[in-house]
Each structure stands twice: as structure tokens, then as C-alpha cells.
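A.B. asks: Okay, sequence plus prediction incoming.
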Amino acid sequence: MTQSTYVPPKVWKHLEASGGQFSKINRPVAGATHDKALPVGKHPLQLYSLATPNGVKVTILLEELLALGHSGAEYDAWLIRISEGNQFSSGFVGVNPNSKIPALLDQSADTPIRVFESGSILLYLAEKFGAFLPKDPAGRTETLNWLFWQMGSAPYLGGGFGHFYAYAPEKFEYAINRFTMEAKRQLDVLNQRLAENRYLAGDTYTIADIAVWPWYGELVRNNVYSAAEFLAVHEYPHLLRWAEEIANREAVQRGKRVNRTWGDEAQQVPERHQASDLEKA
């Protein structure tokens, strides 16, 4: 292990060049950088997002709701190009003052309701449509346990392990070791839970599974950070079983294509305004 020569200054200053490939989308202040209204479509639900793990959670749930016959879950999904700073427009900041995707605007009420933070959006939609959230107190609580587990744990996986393993402009052994240890601990938490349960909340597929799968399910399937071998994911057979089962759901396959602009062109649906947008080959 090499000794770092970096000594923190007395007062930190933002140096844009030090942020690696994300230097242009991260900044130490909040608020809008430019005036621009958000587009609004014809459906009750307006989603402003990108097909990152957090964005995919919401499009998967919306597609699952539509598959159940909830016509009120029809939605327009507008692409927010975070690399171009779309999340810092005045319109987007008005829906999410934290300038992070996804953000949802529900126009079905007399006064439109804004919902931001992916976990909050999942809970809002599950309660609105009475689906994917058990009604009995024990089942509901267990679902929310795992939903909030994901919200608290994923920053260590994404901003910690993922950043230092895959994206940081330099490789730091200490940081990679620190966050790899935590990532593997989290994978073991899930594996042990899924050794005794089909889904995270028990026998029923819920918003807990929808929240966790785009991060941890896709991680062990080698679709996040290309780190499956590094993390020795074969050590988590129950998690792998669960990840593949969910990946085979038709609504999951549809939802992960929405607001996607990279990879296989046939899997890209930058915007979605009707179901037929997902019918292309």
C-alpha cells in the first residue's frame, strides 16, 4: 500500500478538475443554474429520469402497475441528461430541489403533487394504487424495512465501492478495500435473507424487491460496475437465484429500457409516452 502525499487544507475549495468523469455534474451548492421549464405530457404521471439504478426502480414499478391493469399508472417518461446538466434547470429543481433523478409529478390531483427520492416515489405509487405493498402491519413493515435498508445502503455501494472501483481517476487501495468489504457484507445480508425467503419481505414480490434489484440484483448479474468476478458473487447463490427470477419478469425487462441511452441500441427507449414505445425490436 502506497502512502498518500495528500494533506487536507485548512479550508476546502472546489476544484472541478479533481472530480473525474463526474466533475461536471457534481458541485458543492444547490439550486438552478438556468431557467427552463420541464415538458409535460398527457398522462397523469410525469416522470423525469434516467435509466440509472435509481431511475429504473420507478419505471419497473410503473410497468408492473400497468401489467396489473392500473390504467391510472400510465406515464410520460422524459429523459434527463445529467451529463448535460438538465437536472439543474429551474423546472427540474422545482420538482426536486436536490437535483437528482428520478423525480415525479402527479397531475391527477387538483394541485399537482411532486415526489422526489426514489424510495419515496415507490412508496407513493404503491399506496396510490394499493399494490406491491402488503396491507397487513407485519408485511408492510417488513417491506419498508428492506426499502429503507436499500436507501441507506446503496450510497456505500454506488458512491463508495462503485466510484472508487470503476470511476475514480486514480485507484486507491485503501478506499477500494474499505468499500469492497462493505459491499460484500451487504451482499451477504441479502443472501442470508433470501436463503429463507423467496422475496425480501417474504413470499410476496414488493417494492422492496423493486428497490433492491436494480442495484444488487444487477450487480451480481455483472450489469453494474462489471464487478461480479471481483466481488466473487458466486458466494451468494440465494441472491443470484432471486436476481435471475426478477430479471425474467416482463415488466422488469420493459422498465429497465425506459430512459436508457447507452448499450444495445435495441434496448434504448430514451423517452416513453405510450406502451407502444417499448415495442420496437
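C.D. replies: Now that the structure is in, tell me what you want to look at.
A.B. asks: got the buried residues for the helix or strand hosting Ile60?
C.D. replies: Take DSSP states H and E as the rule and Ile60 turns out to sit in helix 53-67. Applying a neighbour-count criterion of 16 or more other C-beta atoms under 10 Å, the buried positions in helix 53-67 are 53-66. In short, each C-beta sits where N, CA and C put it, glycine included.
A.B. asks: Okay, angle between the next helix or strand after it and helix 53-67 too, please.
C.D. replies: Counting by DSSP H and E, the next helix or strand C-terminal to helix 53-67 is strand 75-79. Direction vectors for strand 75-79 and helix 53-67, defined by axes from the mean of the first three to the mean of the last three C-alpha atoms, to 10 degrees, enclose an angle of 160 degrees.
A.B. asks: packing partners for strand 75-79?
C.D. replies: strand 45-49 (3 or more C-beta pairs under 8 Å, 6 or more residues apart in numbering; DSSP states H and E).
A.B. asks: buried set for stretch 81-99?
C.D. replies: Taking 16+ other C-beta under 10 Å as the neighbour-count basis, stretch 81-99 is seen to contain the buried residues 82, 85-89, 91-93, 95-96, 99.
A.B. asks: Please flag which of those residues sit within strands.
C.D. replies: Secondary structure from DSSP state E places none of the buried residues of stretch 81-99 in strands.
A.B. asks: farthest pair in those?
C.D. replies: Between all members of the buried residues of stretch 81-99, the longest pairwise span (C-beta to C-beta) is found for Gly85 and Val95 and amounts to 15.6 Å.
A.B. asks: and the helix holding Ile60, average pLDDT?
C.D. replies: If you average the pLDDT over helix 53-67, you get 98.
A.B. asks: Run the chain-centre distance for it.
C.D. replies: Relative to the centre of its chain, helix 53-67 is centred 10 Å away, using C-alpha atoms, centre = their mean, to the nearest Å.
A.B. asks: Tell me what angle it forms with strand 45-49.
C.D. replies: Using the same axes, to 10 degrees, helix 53-67 lies at 150 degrees relative to strand 45-49.
A.B. asks: May I have the phi/psi pair for Pro28?
C.D. replies: Dihedral pair for Pro28: phi -90, psi 10, per degrees, to the nearest 10.
A.B. asks: likewise the one 5 residues further on?
C.D. replies: Main-chain dihedrals, Thr33, degrees, to the nearest 10: phi -100, psi -20.
A.B. asks: What residues of stretch 25-37 count as buried?
C.D. replies: The neighbour-count criterion (16+ other C-beta under 10 Å) identifies 25, 32 as the buried residues of stretch 25-37.
A.B. asks: what's Ser49 in contact with, if anything?
C.D. replies: For Ser49, the contacting residues are 55, 58-59, 77-80, 101-103, 258-259, by C-beta atoms under 8 Å, 6 or more residues apart in numbering.
A.B. asks: Can you give me the pLDDT of it?
C.D. replies: For Ser49, the pLDDT comes out at 98.
A.B. asks: what's across from it in the sheet?
C.D. replies: Applying DSSP bridges to Ser49 gives these bridge partners: Leu79.
A.B. asks: Quick one: the helices in the stretch 151-281 of the chain, in order.
C.D. replies: 173-196, 207-212, 218-220, 237-247, 250-255 (DSSP state H, counting those that start in this stretch).
A.B. asks: Just want the angle from the first one to helix 237-247.
C.D. replies: Just to be clear, that refers to helix 173-196. Computed by the same axes, to 10 degrees, the angle between helix 173-196 and helix 237-247 is 80 degrees.
A.B. asks: Pop the domain breakdown of the chain in here.
C.D. replies: As given by the TED database, the domain ranges for the chain are 10-131, 137-248.
A.B. asks: Report the two of the contacts of Ser49 separated the most.
C.D. replies: Greatest spacing in the contacts of Ser49, by C-beta to C-beta: Ala103 and Val258 (14.5 Å).
A.B. asks: for the spatially most central residue of the chain, what are its contacts?
C.D. replies: Centre of the chain computed as the mean C-alpha position; nearest residue by C-alpha atoms, centre = their mean is Asn54, 1.1 Å away. Under the criterion of C-beta under 8 Å, 6+ apart, the contact partners of Asn54 comprise 100-102, 118, 154, 214.
A.B. asks: swap in Pro270?
C.D. replies: 79, 259-261.
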